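# Below is the structure, and that's it, no one-letter string:
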């Protein structure tokens with residue numbers, strides 16, 4: 001059983017959005033509450049400013065959102081909004097987020113889970129991250 005400290009930021013994401021949650025419970029009894037929901041910003045340039053020819057628009061949009069989410073987490077960490085982080089995302093999105101996280105965010109990461117749980121109820125997400 002993983003211990004998730006009180007007030008840990010839990011991010012549950014896929015290529016189309018993310019939930020920012022907090023553990024309002026104890027390390028051994030995770031209870032999540034939603035803080036906010038993030039959606040892609042269509043005004044943002046793609047992951048590298050342009051789309052490779054062999055990439056679909058959907059793939060580009062997902063990579064762009066992964067970049068936007070990474071930037072949000074970097075800013076939140078620099079602003080002191082979290083000490084510990086749990087990151088849950090489908091394998092592709094997780095693979096796009098991890099390399100562009102700032103070192104301080106990476107150091108705060110206490111658990112990552114390569115699963116798509118964005119449409120699951122909070123109690124099921126809590127169960128998955130504590131398992």
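Good, I have the coordinates. Values in this document were obtained by computation on a predicted structure and should not be read as measured data. Numbers count the residues shown, from 1 in each chain.
# so which helix or strand takes in the residue nearest to residue 100 when sequence neighbours are not counted?
Setting aside the residues directly before and after it, residue 100 is nearest to residue 70 in space (Cβ to Cβ, 6 or more residues apart in numbering), at 4.4 Å. All C-beta atoms are positioned from the backbone trio N, CA, C, and that covers glycine. Assigned by DSSP states H and E, residue 70 falls within helix 57-78.
# I'd like the distance from that helix to the chain centre, please.
9 Å (Cα atoms, centre = their mean, to the nearest Å).
# what does it rub up against?
9, 11, 13-18, 38, 40-41, 44-47, 51, 55, 82, 85, 92-93, 96-97, 100-102, 104-105, 108 (Cβ atoms under 8 Å, 6 or more residues apart in numbering).
# now do 7 Å
With contacts defined as Cβ atoms under 7 Å, 6 or more residues apart in numbering, helix 57-78 is touched by 11, 13, 15-16, 18, 38, 40-41, 44, 46-47, 51, 82, 93, 96-97, 100-102, 104-105, 108.
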